[in-house]
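> give the three-dimensional model of this entry:
(2 chains)
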Amino acid sequence: MAAEVMLMNEIEAKAASMGIDLNIDFNSIQLPRGEDCGIVSDDEDVYHDDQLEFDSGFGNVIVVDNLPVVPREKFEKLEGVIRKIYSQIGVIKEDGLWMPVDPETKKTLGYCFIEYNTPQEAELAKEKTNGYKLDRAHIFAVNMFDDFDKYMRVPDEWAPPEIKPYTPGENLQKWLTDEKARDQFVIRAGTDTEVLWNDARQSKTELVYKRTYWTESFVQWSPLGTYLATVHRQGAAVWGGANTFNRLMRYAHPQVKLIDFSPGEKFLVTYSSHEPSNPRDANRVVINIFDVRTGKVMRDFKGSADEFTIGGAGGVAGVSWPVFRWGGGKEDKYFAKLGKNMISVYETETFSLIDKKSLKVENVVDFSWSPTDLILALFVPELGGGNQPARVSLVQIPSKVELRQKNLFSVSDCKMYWQSNGEYLAVKADRYTKTKKSTYTGFELFRIKERDIPIEVLELDNKNDKIIAFAWEPKGHRFAVIHGDNPRPDISFYSMKSSHNLGRVSKLTTLKGKQANALFWSPGGRFIVLAGLKGFNGQLEFFNVDELETMATAEHFMATDIEWDPTGRYVATAVTSVHEMENGFNIWSFHGKLLYRILKDHFFQFLWRPRPPSFLSAEKEEEILKYLKKYSKKYDAEDQDVSMLLSEQDREKRRMLKEEWEKWISEWRRASEEEKLERQKLRDGEASDEEEEYEAKEVEVEEILDFSEEVLFEE
Amino acid sequence: MRPILMKGHERPLTFLKYNRDGDLLFSCAKDHTPTVWFADNGERLGTYRGHNGAVWTCDVSRDSTRLITGSADQTVKLWNVQKGTQLYTFNFGSPARSVEFAIGDKLAVITTDPFMELTSAIHVKRIAGDPTEQTEESVLVIKGPQGRINRAVWGPLNRTIISAGEDAVIRIWDSETGKLLKESDKESGHKKTITSLTKAADGSHFLSGSLDKSAKLWDTRTLTLIKTYSTERPVNAVAMSPLLDHVVLGGGQDASAVTTTDHRAGKFEAKFYDKILQEEIGGVKGHFGPINALAFNPDGKRYGANKISLLIYNLLMKLDVVVCCASNEPCLWKVEIYGSTDVFIIVS
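Numbers count the residues shown, from 1 in each chain, chains lettered A, B, ... in the order given. Coordinates of the predicted model:
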């Protein structure tokens, strides 16, 4: 089927036969002035977001260049070849392939246009066939039709960009200067999203900002707490401000599903997955990396979902999120992605691979960055039926030097846990028993900061115990493990350095038969919440690891989520809408005292606003700790004042309510008195109203319980 | 606390009513037979046989001689309390949901459910002093509210009728003309079905309970919202102490969902609130099943304490009455009553 070309004289003939005057005088048409035809859009964004909308309707058209120039006889053959190549990628629209012919020579012009059903297909076709070698002389050059237009419009002469005057931004960190040193959190319930202060002193919350339909799927704080990100169908946005929340930047990414900030919150990674037109293909994945402040796309990655799902099976929507893991602490210098037989490490100065090539590691299935240093820990599983042992190695970036390697025999699976300061790495290795029928678990503990990185092997007392949870003490040297097979597992605490045995790991204690399956360390260490979620219905145990004693046990029935506030002073437990009943959250003190409880139906999210790390040096912190008594006096006094004020306010409130109630009572008495005779009449003269005139009186009685006199001496 | 079991009903109980003196307790159940008990010792005094369907509601006259009962068999019956004989039967085309005698007991307000083509309605009947002169005809019929009208009660001096039901709106009607006088505000009012409504002893204010997990206190004359008590579960039943400033809310999840969750998840406790401060002050724990009705013994003075009747729906699909005597102290209310299928009284 040849593309139909209607010649101009044919059109004119047709028009004449239909009685249409083709000579339109364009000057005679008067449109209202201005680009918007005088109709003012109510969308404020129209004015400054021009770049977002270039929907010319040709987004699904590609131009294929460098085709052979063929005479008429070979036209159909060439067309057949092109159609074959391009219909493999997507569905070409009916009459969607047009190869123009030179009217004089009757030869093709060496290019063609292909129209697909969707822009995604067109995009894919461009990616896949650009550079396709038909033969030696004809290497396809494929472009989006829209791109031609875009590049044609680039002016030939360079004009200096207009420099906008500097306008100081708001202090986005103002919440840190709260006089009462409170923390904020965001909650999402129903259609409302609210940011609230945790006013623990007054056992209540104070609203900072509330908005209905703020986000279309979820909200997320940036790692240092500066921004709150919302997710919409068209993309993501970040919000922040001194006293309220204004939209600071938007990041266009249609159908974005997941987002992730770099640890220093310089970059935002967004992810979306699109259904392929051919159901046998894998989903198409689009990942954009934005500069948070400027909103510019720094790099985008597009491809089949298969390329992003190596290693960790599953995760969210087929990929293990985050696809890109950020390394190097808060500097945001490097990020890495797991690939097939390689780890691709990119650096953010140029957004390209370090040394222009990926790190080749045969069969690597997992890796993780040190939270503080430029060190990658990677895991390669056992190969060849045990001939080649599994391996964990530490690689320095960007030098790609292997710092340490450890071979592990008969390992079935492996998980890596970094301590928050990057001092220790625990590798949990599941090993086969000799019969290969079951597995048992052991730990390999790396001391990263010591010379030659010594490794220690730790096995549990009962090495057949299943490991239910593992957690390092933040900034500390201890870790907790929940282990055991029975319904009430045991919890053990270990230390990487004990007073008498500096270089050795030692067990501190084992708590037997606990109803717990999750561990939540305080961000400051020392305290831990041992939680029994799911099957345990929300059992909580607040444990002091310094003293090895339980401070409190409690229950938040059906609790699904637990989060410490960033200072380690409070704990929030929440029942989210995975359950129908009991939705809402509780705020506890670090030692397990319930401070207040708020119920909200359809409760989705509770997130504390993170704080940036303290500027104080370790020595300074130690000094404060030493003179804590001196400082705490001031705060204790403040607390006392608040509680005095509170009870005063409370009394006042009660008095008001009582007074108001008294007013109603007297009003009712008066009305009742007025109606007394008539009521009597209704009752045929029966007068006894007396039982309705009850009275409740509150009597306060003071009683001296004890009285003693003591003489106080002064020496 | 020593419970006295009151065995009698074979099907779930639906409604409870004390007489004015507080010595008799009338109970209605789905087993067709309203029963009267001695409130003091739980002894069964007698039954009222004649209904052919679940009995939803009852009221007793001020002098405790007449009982009126409303049933799903589409009738409302008048009974001689002492002899247990039927005096008269009002026939309706649909189940009767609530009944109440007016001040003076010469009128009764009856609500009927929507059924087949009939819409729900409020009927006012004249109650003759001599049962032989009793007639079927209605003094007034009010129609209008959507869905079931769960409760209709008399306002001061029988001049108004207050109704509430599935459409979540409380309405005050003129009892002479049937004109709508007032409607509760959509913003401040209930958001879901109003399940129960109970008046204060002097009729000056009333409390409404709703599936929107709250109870609200209203002024009877002006329909001003005075207080709101928020809870964590749908409210099926409400009661006000005649003696102290306490209100009790009862509820829980649907009976059909009871067996699917932990007993703590259902929230079947009767919750006590401070009437004035709107704060929760106590609860009766340990029931397994939603509470469908509550009633305070009007004769609070006799014991110098509150007497509360709680209707509990338990696992075996039978309803229990718990009449518990509670003092001023919230802790004394934490009576634990597990899985019983019988009616019992707790005497402190």
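> send me stretch B:111-122 as PDB with only the CA atoms.
C-alpha atoms of stretch B:111-122 as PDB (Å, rounded to 0.1, in the frame of the first residue of the first chain):
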ATOM      1  CA  THR B 111     -42.500   5.100  63.900                       C
ATOM      2  CA  THR B 112     -42.800   2.600  61.100                       C
ATOM      3  CA  ASP B 113     -40.100   1.400  58.700                       C
ATOM      4  CA  PRO B 114     -40.000   1.800  55.000                       C
ATOM      5  CA  PHE B 115     -41.500  -1.500  53.600                       C
ATOM      6  CA  MET B 116     -42.500  -2.600  50.100                       C
ATOM      7  CA  GLU B 117     -43.900   0.600  48.600                       C
ATOM      8  CA  LEU B 118     -44.500   2.300  52.000                       C
ATOM      9  CA  THR B 119     -42.200   5.000  53.100                       C
ATOM     10  CA  SER B 120     -41.200   5.500  56.700                       C
ATOM     11  CA  ALA B 121     -43.700   7.400  58.900                       C
ATOM     12  CA  ILE B 122     -44.300   8.800  62.300                       C
END
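> what about that stretch, distance to the chain center?
Centroid separation between stretch B:111-122 and its chain, computed with CA atoms, centre = their mean, to the nearest Å, is 20 Å.
> where does the chain have low pLDDT?
In the absence of a named chain, this looks at chain A. A:1-57, A:309-319, A:328, A:498-502, A:687-703, A:714-715 (pLDDT under 70).
> think we crossed wires, I meant chain B
Ranges of chain B meeting pLDDT under 70: B:1-7, B:252-269, B:282-290, B:299-348.
> surely B:Asn15 and B:Thr57 touch.
Small correction: residue B:15 is Phe, not Asn. Yes: in this structure, B:Phe15 is within contact of B:Thr57 by CB atoms under 8 Å, at 5.0 Å. Yep, even glycine has a C-beta here, placed from its N, CA and C like the rest.
> I figured A:Thr509 was touching A:Asp490, is that so?
No: counting by CB under 8 Å, A:Thr509 does not reach A:Asp490; the two are 10.2 Å apart.
> of the two, who's got more company?
Using other CB atoms under 10 Å in any protein chain shown, the more surrounded residue of A:Thr509 and A:Asp490 is A:Asp490, with 20 against 12.
> show the contacting residues for that one.
A:465, A:482-484, A:510-514 (CB atoms under 8 Å, 6 or more residues apart in numbering or on different chains).
> apply 7 Å and report the result again.
A:Asp490 makes contacts with A:483-484, A:510-514, as judged by CB atoms under 7 Å, 6 or more residues apart in numbering or on different chains.
> before we move on, back to that, what touches both of B:Phe15 and B:Thr57?
B:Cys28.
> does A:Thr191 touch A:Tyr213 like I think?
Yes: assessed by CB atoms under 7 Å, A:Thr191 is found in contact with A:Tyr213 at 5.5 Å.
> now the closest residue in space to A:Tyr417 that isn't next to it in sequence: how far from chain B?
Among residues not flanking A:Tyr417 along the chain, A:Ala426 sits closest, at 4.5 Å (CB to CB, 6 or more residues apart in numbering or on different chains). A:Ala426 sits 36 Å away from chain B, going by CB to the nearest CB, to the nearest Å.
> give the bridge partners for A:Ile289, please.
Beta bridges link A:Ile289 to A:Val269, A:Arg299, judged by DSSP bridges.
> so who does it touch?
A:267, A:269, A:298-299.
> any idea which of those residues is closest to B:Ile149?
Nearest to B:Ile149 among the contacts of A:Ile289, counting by CB to CB, is A:Val269 at 57.8 Å.
> figure out how far stretch A:415-435 is from the centre of its chain.
Worked out by CA atoms, centre = their mean, stretch A:415-435 lies 25 Å from the chain centre.
> circling back: wasn't the residue nearest to A:Tyr417 part of a helix?
No: using DSSP: H, G, I helix; E, B strand; the rest coil, the assignment for A:Ala426 is strand, not a helix.
> isn't there a helix covering A:Tyr631?
Yes: under three-state DSSP, A:Tyr631 sits within a helix.
> wait, what's in contact with it?
With CB under 7 Å, 6+ apart, A:Tyr631 has these contacts: A:Ile624.
> repeat the analysis, applying 10 Å as the threshold.
Residues in contact with A:Tyr631 (CB atoms under 10 Å, 6 or more residues apart in numbering or on different chains) are A:624-625.
> what secondary structure does B:Val153 sit in?
strand.
> please apply the same query to A:Asp146.
helix.
> any idea how far A:Ala200 is from it?
55 Å (CB to CB, to the nearest Å).
> look up the closest residue to whichever residue of the stretch 151-300 of chain A sits closest to chain B, ignoring the ones flanking it.
Residue of the stretch 151-300 of chain A nearest chain B, by CB to the nearest CB: A:Gly190 (12.6 Å). Excluding the flanking residues, the one nearest A:Gly190 by CB to CB, 6+ apart is A:His602, at 4.6 Å.
> go on, A:Gly535?
A:Asn517 (7.3 Å).
> what distance do you get for the one you found to A:Ala559?
From A:Asn517 to A:Ala559 the distance is 12 Å (CB to CB).
> which residues do those two both contact?
By CB under 10 Å, 6+ apart, A:Asn517 and A:Ala559 have these common neighbours: A:531-534, A:536, A:539.
> just give me the neighbour total for the residue nearest to A:Tyr417.
Using other CB under 10 Å, A:Ala426 has 23 neighbouring residues.
> ok, A:Glu549 next?
For A:Glu549, using other CB under 10 Å, the count is 9.
> kindly report the same for A:Met416.
With neighbours defined by other CB under 10 Å, the count for A:Met416 comes to 18.
> give me every residue that touches it.
A:366-368, A:377-379, A:392, A:425-429, A:444, A:446.
> nearest to A:Ser647, of these?
A:Ala426 (48.7 Å).
> what's near enough to touch the closest one?
A:Ala426 sits next to A:415-419, A:443-446, A:456, A:458, A:470-472, A:479, A:481, A:494, A:496, A:505 when contact means CB under 10 Å, 6+ apart.
> in strands, which of the residues you listed appear?
The members of the contacts of A:Ala426 that map onto strands under DSSP state E are A:415-418, A:443-446, A:456, A:458, A:470-472, A:479, A:481, A:494.
> ok, so of the residues you listed, who is nearest B:Phe92?
A:Ala471 (66.9 Å).
> quick one: the closest one and A:Ala516 touch, right?
No: at 11.6 Å, A:Ala471 does not count as touching A:Ala516 under the criterion of CB atoms under 10 Å.
> which residues do these two both contact?
Contacts common to A:Ala471 and A:Ala516, judged by CB under 10 Å, 6+ apart, are A:480, A:482.
> and the two? Which one has more around it.
A:Ala516 (25 against 18).
> distance of that one relative to chain B?
With CB to the nearest CB as the criterion, A:Ala516 and chain B are 18 Å apart.
> in a strand, that's where that residue is, yeah?
No: read with three-state DSSP, A:Ala516 is coil and lies in no strand.
> secondary structure element holding the closest residue to it other than its chain neighbours?
Nearest residue to A:Ala516, sequence neighbours excluded (CB to CB, 6+ apart): A:Leu530, at 4.1 Å. Using DSSP states H and E, the element containing A:Leu530 is strand A:527-532.
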